[in-house]
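**Student:** Need a 3D model of the sequence below.
(2 chains)
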Amino acid sequence: MTVTKLSDLAKTIRSKNAGTDKITFDIIFRERETYDKVKRSGALTPKTVCAILGIDEARLTDFVEYDPAYAIKFTILRMRPSGSPGDADIFGAQQYAPFLDVEIRDI
Amino acid sequence: MRSMKIICPNGHLGFAPLKPKSFHIGVDAGPDFIAADSGSDDIGPVPLGNDTCASPKAWQAHDLEEMLLASRRIGVPMIIGSAGDTGTNSRVDMYVEMIREIAAKHALPPFRIGWFYSEVDKELVRAKIRSGSTIQGLDARPALTEEELDATERVVAMAGVHPFRALLDQGCDVIIGGRSSDSAVFACAALARGFPEAQSYYLGKVLECASFCAEPYGAKETVLGEITEDWVEVTAMSPEQRCTVASVAGHAMYERSNPFFEYVAGGMLDMTNCVYEQVSEKTTRVTGMEFVPATDFRVKLEGSGKLGERFVGMAGIRDPYTIAHVEEVIEWARTQVRERFGPDGWELHYNVFGRNGIMGDMEPLKDKPGHELMIVVQGVAPTKEMAEEVTITGTRQLFYARLPDVKGTAGGVSFVLDEVMQASPAYRWTLNHTMAVSDPLELFPTHTAIIGNGQLEAAQ
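**Tutor:** As a prediction, the model looks like this:
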């Protein structure tokens, strides 16, 4: 069994606002094989992504495996709308970092 | 087969300047329309509430000038949505005036300009609530209350294709839109030429962010979309970029919670069964999109409400003991503000960079702060004078925090500036809702005029 970091497998790992009240995360792969391998590994599921961000699963509004783009995509509700005072990431563009180091076990 | 072409040079006109080289290649490809959206709710609630732009006027003028000169030279309409970042009435008027100035500067032959407004009178929204027509919340928000409406400074409605089509039908050469959904800026042109809704809205969807649907990554480059009855093709105009199956399919999910569905005023674009095909090196063709008309016509509303005046301060920490007790340091400063101003009527926000300043409670490493921290302090209060004092107290008292075992008794934090800075007032998004309307045009009054000889003249 080999263990690889998600950042070594994915072409793109990003986060961005989806409207004023949500942040959406995209993890995109170059090839179908890698995408399938990550899906099979079970490392990215509604449960695990919430655990990684330390949030209640009720805040996860969407979790989609998007085959046309070889992408895993999920969306969370913000605690407060974007740009409220104290929000340090108005665009939601720097919330993806904890996913770079997710370990993918090849099974 | 009958087809039509649109080029889009910028996914958010004005936010950063378009790249002229790929734009000129796009213009030479003979488009039927030149179009771009100029707004976004990404910029936070301040510009809408304050009725200001997030983009510098010089960059807006740069892009409007490039687009206007090209569109008049090749004789095709130019369409802009969400003028000036927010699409408020003042931003629409500003863009119309900028178009007049550019036309005068270049002595352009007369042309017809059309514009529409998107601001919604709060009393109209109140009347809807009182009539029992619920203003439904989006994204888990509750229905709008009158109390929340009262806390709102300004409301804009998100136009669909309808006001754009009305202005195209009146023969406008240039259209400046108030707040609009991105895809409508392009879909309106395809619908006006008789193309099906599914393909038209998909064309809008894929073009709205310009070169974000191309690879390698490079923003503000022009892309060209072509539509027929059966398919949409998108082609990168930059010599360095291509529109690939991966880049086009990938863009379908950009900035939205679900990659399959795109809601617009009047219906929903369903991309579940889209098929992507690389038809040449720089071009991808998409088929299989569907459009589902809505049963009732609801328009999205955006609203921003003022919380108060705002100042910002900054303080750094290097002492590892102080870093380990930073929460106590912050609490000391808060207590000093509480003693001066009482328990409420003001806000203090602390972002502790080097610990969890960016991700807050979601930061997995929040228990492992770095060897130095930067605390950004924001103070909010009803007046500028009070906001300044709240912020300077909340910042400077970090310096005087009383930690029992600290060795450095000459000052607990470092200052880049021993002052606080006035920032934009603090606002919050109060409306992210939808409202039922009976006529798709009722919230979006349209106007036309002739621009010629440096003047804006009433259209005949």
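**Student:** any weak-confidence spans in chain B?
**Tutor:** B:459-460 (pLDDT under 70).
**Student:** let's see it at 90
**Tutor:** Chain B contains residues with pLDDT under 90 at B:1, B:250-259, B:264-266, B:295-296, B:408-409, B:453-454, B:456-460.
**Student:** How much space separates the spatially closest residue to residue B:205 that is not a sequence neighbour from residue B:123?
**Tutor:** In this structure, residue B:205 finds its nearest non-sequential neighbour in residue B:183, 4.8 Å apart by CB to CB, 6 or more residues apart in numbering or on different chains. C-beta: built from backbone N, CA, C; applies to glycine. Relative to residue B:123, residue B:183 is positioned 30 Å away (CB to CB, to the nearest Å).
**Student:** Of these two, which one has the most company?
**Tutor:** Neighbour tally, residue B:183 and residue B:123, criterion other CB atoms under 10 Å in any protein chain shown: the higher count belongs to residue B:183, 24 against 9.
**Student:** Enumerate every residue touching that one.
**Tutor:** B:201, B:204, B:205, B:208, B:262, B:264, B:269 (CB atoms under 8 Å, 6 or more residues apart in numbering or on different chains).
**Student:** ok and the residue in chain B nearest chain A?
**Tutor:** Nearest to chain A in chain B, going by CB to the nearest CB, is residue B:44, at a distance of 2.4 Å.
**Student:** what about residue B:455, how many neighbours?
**Tutor:** Neighbours of residue B:455 (other CB under 10 Å): 12.
**Student:** Is it bridged to anything, and to what?
**Tutor:** residue B:452 (DSSP bridges).
**Student:** Give the full set of residues in contact with the residue lying closest to residue B:318 once chain neighbours are set aside.
**Tutor:** Spatially, and ignoring its direct neighbours in sequence, residue B:318 is nearest to residue B:372 (5.0 Å; CB to CB, 6+ apart). By CB under 8 Å, 6+ apart, the contact set of residue B:372 is B:316, B:317, B:318, B:323, B:354.
**Student:** swap in residue B:253?
**Tutor:** Residue B:253 neighbours (CB under 8 Å, 6+ apart): A:24, A:26, A:64, A:66, A:69, A:71, A:73, B:259.
**Student:** In space, what's closest to the last one - neighbours in sequence excluded?
**Tutor:** Among residues not flanking residue B:259 along the chain, residue B:253 sits closest, at 3.4 Å (CB to CB, 6+ apart).
**Student:** can you map out the helices along the stretch 1-150 of chain B?
**Tutor:** B:20-28, B:46-50, B:57-74, B:89-105, B:122-130, B:146-150 (DSSP state H, counting those that start in this stretch).
**Student:** again with chain A
**Tutor:** Here chain A has its helices, by DSSP state H, at A:6-9, A:32-41, A:46-53.
**Student:** Would you agree residue B:329 falls within a strand?
**Tutor:** No. Secondary structure of residue B:329, determined by DSSP: H, G, I helix; E, B strand; the rest coil: helix, with no strand assignment.
**Student:** quick one: it from residue B:400, how far?
**Tutor:** 10 Å.
**Student:** burial measure for the nearest residue to residue B:384 once chain neighbours are set aside, as a count.
**Tutor:** Of all residues not flanking residue B:384 in the chain, residue B:309 sits nearest, at 4.6 Å (CB to CB, 6+ apart). By the criterion of other CB under 10 Å, residue B:309 has 22 neighbours.
**Student:** So residue B:309: helix, strand or coil?
**Tutor:** strand.
**Student:** Now that it has come up, it's in contact with residue B:390, right?
**Tutor:** No. With contacts counted by CB atoms under 8 Å, residue B:309 stays clear of residue B:390, the gap being 9.6 Å.
**Student:** does residue A:88 really touch residue B:360, like I thought?
**Tutor:** Yes. With contact defined as CB under 8 Å, residue A:88 and residue B:360 form a contacting pair (7.2 Å).
**Student:** Am I right that residue B:225 is in contact with residue B:186?
**Tutor:** Yes. Residue B:225 is within contact range of residue B:186, at 7.0 Å (criterion: CB under 8 Å).
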